[in-house]
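J.: can't give you the sequence, but here's the structure:
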């Protein structure tokens, strides 16, 4: 074999080995990773995220409406969240601010400004999205809070850690990614019927913390869904509090739901 052929062969061998190393998957092992360890890791991951400043692309798909949008999200734990949504050509659609005691919803399309408490907005959707305002934080910042889960099943399924568990009227089917040990899919069932599904994918490290850059929210019975793609995101960086200010048009109709 000539020297040039030898070099080419070695280069091909190195590239092949490197590709195999990159694509090699971590196999789940329930002997090493227990049910309790998975849930504890999930809880610690959620607690590790103190603030979020991100830009998103949204795709809405329902029988009544479909479209693409841009959004920004600001979050400071424990109780501040601001979501701003724009449509084609930068058209302002709406903003929602959520804190422990206050909800503010500015519908810029209808030029209406709502304010009230969390209870006042219970059951109300955000614009045309199939999301109740109370669900926005859990979907936009990838939250799945669990208080106490009663284990029903723990096994390996679809090459992932799989859990079935209950909490009150809700039961859950949860798949954990074996590489990052975070939820990749979760089905929320209410009284045995699937209420909605959340999927997480494309985990990337941001400031040392894995975060999904693709989130899908699905209501299968209603055939409604929202996809969220992270364009850019910062975790645990200081956020200027003035960014939470909402400038309302002087002509906006103000509605106080507490009255």
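T.: On my side now, so go ahead. Worth saying up front: this structure is predicted, and the values here are computed from it rather than measured.
J.: show me how the chain divides into domains.
T.: 29-49+147-231, 50-140 (automatic domain parsing).
J.: what helices or strands is the longest strand anywhere in the chain leaning on?
T.: In the chain, assigned by DSSP state E, the strand with the most residues is strand 193-206. Here strand 193-206 touches strand 182-190, strand 209-219, strand 224-235, going by 3 or more Cβ pairs under 8 Å, 6 or more residues apart in numbering; DSSP states H and E. C-beta coordinates here come from the backbone N, C-alpha and C atoms, glycine included.
J.: quick one, what contacts the closest residue to residue 111 other than its chain neighbours?
T.: Leaving aside its chain neighbours, residue 111 sits nearest to residue 252 (4.9 Å; criterion: Cβ to Cβ, 6 or more residues apart in numbering). The contact partners of residue 252, by Cβ atoms under 8 Å, 6 or more residues apart in numbering, come to 106, 111, 112, 113.
J.: quick check, nearest of these to residue 230?
T.: residue 106 (23.7 Å; Cβ to Cβ).
J.: pLDDT at that closest one, what is it?
T.: pLDDT recorded at residue 106 is 82.
J.: helix or strand for it, which one?
T.: strand 103-107 (DSSP states H and E).
J.: could you do residue 72 as well?
T.: strand 66-76.
J.: neighbouring strands of that strand in the sheet, and parallel or not?
T.: If you go by DSSP bridges, strand 66-76 pairs up with strand 51-61 (antiparallel), strand 80-86 (antiparallel).
J.: run through who's touching that strand.
T.: Contacts for strand 66-76 (Cβ under 8 Å, 6+ apart): 50-60, 80-88, 93, 137, 140-141, 228, 239, 243-244.
J.: one more pass at 7 Å, please.
T.: Strand 66-76 is contacted by residues 51-60, 81-87, 140-141, 239, 243-244 when judged by Cβ atoms under 7 Å, 6 or more residues apart in numbering.
J.: ditto for stretch 105-117
T.: Contacts of stretch 105-117 (Cβ under 7 Å, 6+ apart): 92-96, 101-104, 121, 133, 246, 248-249, 251-258.
J.: show the buried residues in those residues.
T.: By neighbour count, with 16 or more other Cβ atoms under 10 Å, the contacts of stretch 105-117 hold 93, 94, 95, 96, 103, 104, 121, 133 as buried.
J.: what bridges to the third one?
T.: Right, residue 95. residue 84, residue 106.
J.: and it, how far from residue 108?
T.: Distance check for residue 95 against residue 108: by Cβ to Cβ, to the nearest Å, it reads 7 Å.
J.: average pLDDT for stretch 109-118, rounded please.
T.: 76.
J.: how far is that stretch from where the chain is centred?
T.: 24 Å (Cα atoms, centre = their mean, to the nearest Å).
J.: what residue ranges in this structure score low on pLDDT?
T.: Within the chain, the set of residues satisfying pLDDT under 70 comprises 1-24, 118, 120-121, 256-259.
J.: just give me the neighbour total for residue 75.
T.: Number of residues near residue 75 (other Cβ atoms under 10 Å) recorded here: 22.
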